[in-house]
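Student: For reference, the sequence and a predicted model appear below.
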Amino acid sequence: MSEYRFFLLHKLLVLSVNILLLTALSVAMYRASLFPDDFTPTFFKTFFALLAPTLCLGFIGKRVLGKYRPTLV
């Protein structure tokens, strides 16, 4: 894999994880707004339930991408 392609895929991975985190935050805020009396518990339950798979996806993606890292000469 060329160095350019590696860094492009790395940037795409970072961008996708950031978008997923913002989506998780938005979904958690929306769900929590539906239950104003239990806002904080609902927010944390939803956010952390969505945060764990997102971080796992980012970690696995980084490990897979690291296997194809080009060697610098």
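Tutor: On my side now, so go ahead. If you're wondering where the values come from, they're calculated on a predicted model, not measured in any experiment. Residues are numbered from 1 along each chain as shown.
Student: ok, the most centrally placed residue in the chain - contacts?
Tutor: What sits nearest the mean C-alpha location of the chain, by C-alpha atoms, centre = their mean, is residue 17, with 3.0 Å. Applying C-beta atoms under 8 Å, 6 or more residues apart in numbering to residue 17 gives the contacts 54-55, 57-58, 61. Just so you know, the C-beta spots here come from the backbone N, C-alpha and C atoms, and that holds for glycine as well.
Student: Can you tell me how far residue 46 is from residue 57?
Tutor: 17 Å (C-beta to C-beta, to the nearest Å).
Student: neighbour-wise, which of the two wins?
Tutor: Neighbour totals were compared for residue 46 and residue 57, and residue 46 leads with 18 against 14 (other C-beta atoms under 10 Å).
Student: helix or strand for that one, which one?
Tutor: According to DSSP states H and E, residue 46 maps onto helix 39-67.
Student: List the buried residues for that helix?
Tutor: For helix 39-67, burial by neighbour count (16 or more other C-beta atoms under 10 Å) applies to 42-43, 46-47, 50-51, 54, 58, 61.
Student: Greatest separation within the residues you listed: which pair is it?
Tutor: Farthest-apart pair in these is 42 and 61; separation 29.1 Å (C-beta to C-beta).
Student: For this protein, which residues score under the pLDDT cut-off?
Tutor: 72-73 (pLDDT under 70).
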